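Got a predicted structure plus its sequence, pasted below:
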Amino acid sequence: MYYKEKSQIKMIFKGHSDYLHCVAVRNSGNQIVTGSEDGTARLWDCKSGKCTQVIDPWKDKKSKEPFPYVSCIALDSSESWLACGSGRTLSVWNLPAQECVSRISMHASVQDLIYDDSQILAVGAEPLLSRLNVNGVILSQIQCAPQSAFSVSLHPSGVVAVAGYGGLVDVISQFGSHLCTFRCKCL
């Protein structure tokens, strides 16, 4: 943690052994969740700086990934469910029970995900937006313009934006139809 007004570090969170890829805020418990190149996600108490839980998507699984890592994480609105993207695997965790409830093998690396109520929207190194339930069942897949999608965002109205390679952004209705695709251009 960092004191902006004093320009100094307030607290150091020790535990990960490699770079961080992602972070999410868990307001209900005054915690943050981090995902790392070391292959773990960790829950941290913001007051003490201590790691309160280690989530290892690769535990008890023989990895086919050359370098296991956690590329993206998302919390549901109750902050009881955590989804982790780790290479070509998406895992769903029940945080109060501290257990993995599903592990889904995807066709390509998962690069971003977000919860839409009790469903998960995931994008990655393929031109698809996948909608899954927490049990790992793929409910739908929508073709996207970016050949590799890096980011997914959800508006409260249900409209989804998917951004990725080539500066392309797809805007998709809550019913799954494409509203528009546009390209961002550098100045």
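Perfect, thanks for sending it. Note that the structure is a prediction, hence the values are computed from the model and not measured. Numbering: from 1, shown residues only.

Quick check: next helix or strand after the least confident helix or strand in the chain by mean pLDDT?
Sorting the helices and strands of the chain by mean pLDDT, DSSP states H and E puts strand 2-3 at the bottom, at a mean of 51. Per DSSP states H and E, the first helix or strand lying C-terminal to strand 2-3 is strand 8-9.

Let's test this: mean pLDDT of that next one, rounded?
What strand 8-9 shows for mean pLDDT is 72.

Can you list the strands that it pairs with?
Strand 8-9 has its sheet partners listed here by DSSP bridges as strand 2-3 (antiparallel).

and Val33, how many residues sit next to it?
Applying other Cβ atoms under 10 Å, we find 23 other residues in the vicinity of Val33. C-betas here are computed from N, CA, C, even on glycine.

Tell me, what's the model's pLDDT at it?
Looking at Val33, its pLDDT stands at 93.

Likewise for the one 5 residues further on?
Reading off the confidence values, Asp38 has pLDDT 87.

tell me the contacts of it?
Applying Cβ atoms under 8 Å, 6 or more residues apart in numbering to Asp38 gives the contacts His16, Ser17, Asp18, Tyr69.

same deal with Leu75?
Contacts for Leu75 (Cβ under 8 Å, 6+ apart) come out as Ala24, Arg26, Val33, Trp81, Leu82, Tyr115.

Then Gly15?
Arg42, Trp44, Cys51, Val54.

Who wins on neighbours among the residues you listed?
Using other Cβ under 10 Å as the neighbour criterion, Trp44 leads the contacts of Gly15 with 24 neighbours.

Low-confidence regions, the chain specifically.
Scanning the chain for pLDDT under 70 picks out the ranges 1-6, 60-67, 186-187.
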